[in-house]
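>>> Here you go, sequence then predicted model.
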Amino acid sequence: MQEIISQDVKTVLRRLKLGRMLDTLPERLTLARQQQMTHQDFLLLTLSDEASRRDGQATTIRAQRARLDPAMCLERWDDSANIHYDKTLLNELASLRFIETCAHATIVGPVGVGKTFLAHAIGHIACRRGYSVLALRADQMLKNLKHARFDNSHEAELRKLIAVDLLIVDDFALDGMDATESRDTYELLTERHRAGSMIVTSNRGPDEWLATFADPVRAQSAIDRFTSNSYDLVVEGESYRPRMKPKRAAETEPAQPMATAKPRRRTGQNQR
């Protein structure tokens, strides 16, 4: 039998902004009665429920603010894919020790092998651990910085990129950079050197990045700083993208047997 919560209890919980505890309180009261819990154990149980709920809510908010793809979590990664990479190194990155030491990571490989997926998956783990994360495509990031120069918000935009614990830059060095973009990239890599972690995904290895900068001197300085403090995860194999393609309900749900029509009983003068 489900426990009845009095109106007085509901009023006090809502006044203390604990109204969501009412979602599980009847079940917890029943459990406490069945297991003859002490008052202290019951209080710990109900408060732990609320703490877990708030932690989950905070993680969701951090992931949304980080612009992480909600589908790209490590637990959703398909290990049966014909994709090859150093799993020991991925486990090391997933431990987030590289964030604790302000190190970086590059995820390099051809188009479609899941580089972005792995980067966002690590980002989700970081959000669960309470780190601040921001994920951007390189071209969008540089465009934002360039536009910010027109309304005098460039410094604020750059600080936003520098302040987060983990910055994920996707599709870096895909196109050549002009002088302004090269300068912004130099400032970003220099400012984050041993001050905050980055994950950079790219179709090009770091040895090819130099050619995409307009200023070779700045480029060499920035790339040297980055690579001297970076883990390198190389991903190779078939495209992972077909595995993320939406499936029809018929492909994901078991087929239901077709209903067979029952013979209709004849009535009236036709019945014999």
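On my side now, so go ahead.
>>> G109: what's it in contact with?
Counting by CB atoms under 8 Å, 6 or more residues apart in numbering, G109 touches 85, 115, 203, 234-236. Just so you know, the C-beta spots here come from the backbone N, C-alpha and C atoms, and that holds for glycine as well.
>>> Just the buried subset of these, written out for ChimeraX, thanks.
Restricted to buried positions by 16 or more other CB atoms under 10 Å, the ChimeraX selection for those reads:
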select :85,115,203,235
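>>> Distance to P70 for the contacts of G109 - can I get that in a markdown table?
Shown next, in a markdown table, are the contacts of G109 (distance: CB to CB, whole Å):
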| residue | distance to P70 |
| --- | --- |
| Y85 | 23 |
| K115 | 18 |
| N203 | 25 |
| V234 | 27 |
| V235 | 21 |
| E236 | 27 |
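>>> per the record, what domains does the protein have?
7-65, 74-244 (automatic domain parsing).
>>> so how far is stretch 214-231 from its chain's centroid?
Chain-centre distance of stretch 214-231: 27 Å, with CA atoms, centre = their mean, to the nearest Å.
>>> List the buried residues for it?
215, 218-219, 222-223, 225-227, 229-231.
>>> Out of these, which is nearest to I122?
Of all the buried residues of stretch 214-231, I122 sits closest to Y231, with 11.0 Å by CB to CB.
>>> The closest one contacts I107, doesn't it?
No - counting by CB atoms under 8 Å, I107 is not a contact partner of Y231; they are 9.3 Å apart.
>>> Please enumerate the helices of the stretch 151-272 of the chain.
Taking DSSP state H, counting those that start in this stretch as the test, the helices found in the stretch 151-272 of the chain are 154-163, 179-191, 206-209, 216-227, 249-252.
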